[in-house]
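1. Fold the following.
(2 chains)
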Protein chains: 2
Amino acid sequence: MTVGQLTLPQLAEACAGLGVCGVGLWRAPVQAYGVAAAAALVRRAGLTVTTLCRGGLFTSTDPSAHSRALDDNRAAIDEAAVLGTDTLVLVPGGLPPGSRDLYGARERVADALGLLAPYAQQRGVRLAIEPLHPMYAADRSVVSTLGQALDLAERFPAEQVGVAVDTYHVWWDDQAPEAVARAGADGRIHAVQMADWVTPLPAGVLNGRGQLGDGAIDLYAWRETLDAAGYTGPIEVELFNDALWERDGVEVLAETVLRFVRHVLRPAQDSPAPVPGKGSLSPAFRDRGIPEK
Amino acid sequence: MTVGQLTLPQLAEACAGLGVCGVGLWRAPVQAYGVAAAAALVRRAGLTVTTLCRGGLFTSTDPSAHSRALDDNRAAIDEAAVLGTDTLVLVPGGLPPGSRDLYGARERVADALGLLAPYAQQRGVRLAIEPLHPMYAADRSVVSTLGQALDLAERFPAEQVGVAVDTYHVWWDDQAPEAVARAGADGRIHAVQMADWVTPLPAGVLNGRGQLGDGAIDLYAWRETLDAAGYTGPIEVELFNDALWERDGVEVLAETVLRFVRHVLRPAQDSPAPVPGKGSLSPAFRDRGIPEK
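-> This next block holds a predicted model:
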């Protein structure tokens, strides 16, 4: 979604050209392209599918809507298996219309996990509960902290259910680092995503995630926290940002790789501009006019 | 601020007419009217000043800015004493420009409290740390949860420093009810404010607080939680809402009183429309076309 303006073939080509070896995919573009075709495309490009986003939205009190949600999640699990990723990211869902019962909604999430986790495990897919920032508590996720997500996950075996750690959602929470450590010790960090926090937030607060390094989050410190928790898996960058979507997608992807090197791989105080063509960066940077910060 | 479109004399008259016996004031309109004159005005109207908003904004790393902030807070404490309120609400402040150090900023808040709390106590004023919703963590308050605010307050005597509980900021937090109980047991609930949570949030996320009953928060449950914690003080309604500010202020105040009766004093499931002129409501409702929900 960071470069949602690219088609899947453009994305695969750009990743390969920039030395990006893994990609997190969203369901809608994969479905539009065809799941099997998308799987073949990314495999040919040498890409690993790090996660599929997203399942979830389990909180309806309407039985038929709830049943449709479960069916849709089984389909998402099947799609993840075809894509060859081991992780489906779940966004729990908000309050049903008119409801004020956060506790009840969270319990419906737990019930859904109980139904889906064994189905997923049979297909080699782990579920990753993503707590969303508390500003989404009413309309997108009644699970607002990493601690809550972990409490839910721990009702199930670690190989079935874990958490997704997204810096954009948890950066403000002084208890989140401890939850990362707890999740890591138990093998429950099933996905990691990074985005920066920039203000002012746009109306609707959906598409204002900051490019890495533009905002308030000490991304390197989060990476150290994840390292210390024993996490060795991929780190995705997930930016929902109208301004980035309006730009050339390949340029944005290249900029994001540079920012990742500068702000996630290196501490902020010690981050000279990466030298194109040096180190682990692809020579593809050399000929591009990548915006620098 | 709920009816910021009213002048102080209009506010005092409207409160008296509607049977509202206490009011929380903000510094800017009080200063513009004159602190002593405002104190006399509300006293003549039979109003108690429940709190003064707001001090705080302690997080600058610039020594002269920090020194100015402390001076301004001493002035706010003096103003609170003149107004006859026992409580100054503090908004801690966000990250300084370019900083990503939430921990350091929180410690600067603690340092400032240590300097100001004795000064306030000598003037009969308690400080109430208000945790703001995590969506303000970067730019307005590095203290995002009631638990954090209470951790800070507990470094000082309860008669000096407590917390302000605002439903808009803490409603999503499953740990907040426990923090309310802890604060209540220790006599540290120094202010309570209510607003509802409505979506979508407006750009900048400042002026979209919902009228009581319009949103996702179970206000009656919060009131029960406060009751159970032994809180017997005033409950303010603080709505920052562009749409409400565009309407007639007296009408908005009257609507807010009705909503308060319906959603805070009574459980949501059991809340028929209050009958104008009956019960504890002022007859002033009878002749007004109060919008009903």
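
2. Point out the residues in chain A that sit beside chain B.
-> Residues of chain A that fall close to chain B, judged by Cβ under 8 Å from any Cβ of the partner chain: A:95, A:99-103, A:106, A:133-135, A:137-139, A:144-145, A:148, A:171-174, A:197, A:199-205, A:215-218, A:221, A:268. Every C-beta, even on glycine, is put in place using the N, C-alpha and C of the backbone.

3. Please flag which of those sit within helices.
-> A:102-103, A:106, A:148, A:221 (DSSP state H).

4. Which ChimeraX command selects the buried ones in the residues of chain A next to chain B?
-> In ChimeraX, a selection of the buried entries from these looks like this (16 or more other Cβ atoms under 10 Å in any protein chain shown):
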select /A:95,99,100,101,102,106,133,134,135,137,138,139,144,145,148,171,172,173,174,197,199,201,202,205,215,216,217,218,221
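
5. Just the closest of the ones in helices among the residues of chain A next to chain B to B:E238, please.
-> Using Cβ to Cβ, A:L102 comes nearest to B:E238 of those, at 21.6 Å.

6. what's the closest non-adjacent residue to the closest one?
-> Closest residue in space to A:L102, ignoring its immediate chain neighbours: A:V142 at 5.2 Å, by Cβ to Cβ, 6 or more residues apart in numbering or on different chains.

7. Looks like that neighbour contacts A:G93 (just checking).
-> Yes: under the contact definition of Cβ atoms under 8 Å, A:V142 touches A:G93, with a separation of 6.9 Å.

8. residues shared between the contacts of the two?
-> Taking Cβ atoms under 8 Å, 6 or more residues apart in numbering or on different chains as the contact rule, A:V142 and A:G93 both touch A:59, A:105, A:109.

9. Make TSV out of those and add pLDDT and neighbour count.
-> What follows is the shared contacts of A:V142 and A:G93, written out as TSV (pLDDT from 0 to 100; neighbours: other Cβ atoms under 10 Å in any protein chain shown):
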residue	pLDDT	neighbour count
A:T59	93	27
A:A105	97	23
A:V109	97	23
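
10. before we move on, the earlier item: which two of the ones in helices among the residues of chain A next to chain B have the greatest separation?
-> Maximum distance among those (Cβ to Cβ): 32.6 Å, for A:Y103 and A:A221.

11. Would you map the helices across chain A?
-> Counting by DSSP H, the helices of chain A are A:8-18, A:27-33, A:35-44, A:63-83, A:102-122, A:146-153, A:167-170, A:176-185, A:219-228, A:242-245, A:249-260.

12. so where's chain A uncertain?
-> A:268-293 (pLDDT under 70).

13. which residues sit in contact with the residue minimising distance to the centre of it?
-> Chain A has A:Q193 as the residue nearest its centroid, 4.5 Å off, counting by Cα atoms, centre = their mean. Applying Cβ under 8 Å, 6+ apart, one finds that A:Q193 lies in contact with A:24, A:130, A:164-168, A:235-238.

14. Ok, A:G124 next?
-> So A:G124 contacts A:81, A:86 (Cβ under 8 Å, 6+ apart).

15. The same query, at a cut-off of 10 Å, please.
-> Applying Cβ atoms under 10 Å, 6 or more residues apart in numbering or on different chains to A:G124 gives the contacts A:77, A:80-81, A:84-86.

16. now it: how far from chain B?
-> 33 Å (Cβ to the nearest Cβ, to the nearest Å).

17. Could you double-check that A:W197 sits in contact with A:N241?
-> No: look at A:W197 against A:N241 with Cβ atoms under 10 Å: they stay out of range, at 11.9 Å.

18. who touches both of those two?
-> A:208-210, A:214.

19. Dump those residues into TSV; add distance to A:G230 and neighbour count as well.
-> Rendered in TSV, the data for the shared contacts of A:W197 and A:N241 read as follows (distance: Cβ to Cβ, whole Å; neighbours: other Cβ atoms under 10 Å in any protein chain shown):
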residue	distance to A:G230	neighbour count
A:G208	32	22
A:R209	27	28
A:G210	28	19
A:D214	29	17
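
20. Name the nearest of those relative to chain B.
-> Lowest distance from chain B to the shared contacts of A:W197 and A:N241 (Cβ to the nearest Cβ) belongs to A:G208, with 9.1 Å.

21. what's near enough to touch the closest residue in space to A:L127 that isn't next to it in sequence?
-> Distances taken as Cβ to Cβ, 6+ apart place A:V161 nearest to A:L127, at 4.8 Å, with adjacent residues excluded. Counting by Cβ under 10 Å, 6+ apart, A:V161 touches A:90, A:110, A:113-114, A:116-117, A:120-121, A:126-129, A:149-150, A:152-155, A:188, A:190.

22. Going by neighbour count, which of those are buried?
-> Of the contacts of A:V161, these count as buried by 16+ other Cβ under 10 Å: A:90, A:110, A:113, A:116-117, A:120-121, A:126-129, A:149-150, A:152-154, A:188, A:190.

23. if we can go back for a sec, measure the residue nearest to the centre of chain A to A:G233 for me?
-> 11 Å (Cβ to Cβ, to the nearest Å).

24. before we move on, what about A:V89?
-> Where A:G233 is concerned, A:V89 sits at a distance of 13 Å (Cβ to Cβ).

25. what touches both of those two?
-> A:50-51, A:190-191.

26. Mind telling me the two of those residues farthest from one another?
-> A:T50 and A:H190 (10.5 Å).

27. between the two, what contacts are shared?
-> With Cβ under 10 Å, 6+ apart, A:T50 and A:H190 have common neighbours A:86-87, A:89, A:233.

28. What is the nearest of the residues you listed to A:R247?
-> Nearest to A:R247 among the shared contacts of A:T50 and A:H190, with distances taken as Cβ to Cβ, is A:V89, at 25.3 Å.

29. what about the closest one, how many residues close to it?
-> 29 (other Cβ atoms under 10 Å in any protein chain shown).

30. I'd like to know how far it sits from chain B.
-> 21 Å.

31. Report the contact partners of that residue.
-> Contacts of A:V89 by Cβ under 10 Å, 6+ apart are A:24, A:26, A:50-56, A:76, A:80, A:126-130, A:163-164, A:166, A:190-191, A:193, A:236, A:238.

32. That one pairs with what?
-> A:C53, A:A128 (DSSP bridges).

33. cool, and the one 4 residues further on?
-> Each beta-bridge partner of A:G93 is listed here: A:S141, as defined by DSSP bridges.

34. Look at it and say how many residues are nearby.
-> 23.

35. list the contacts for it?
-> A:G93 neighbours (Cβ under 10 Å, 6+ apart): A:56-60, A:69, A:105-106, A:108-109, A:112, A:132, A:139-143.
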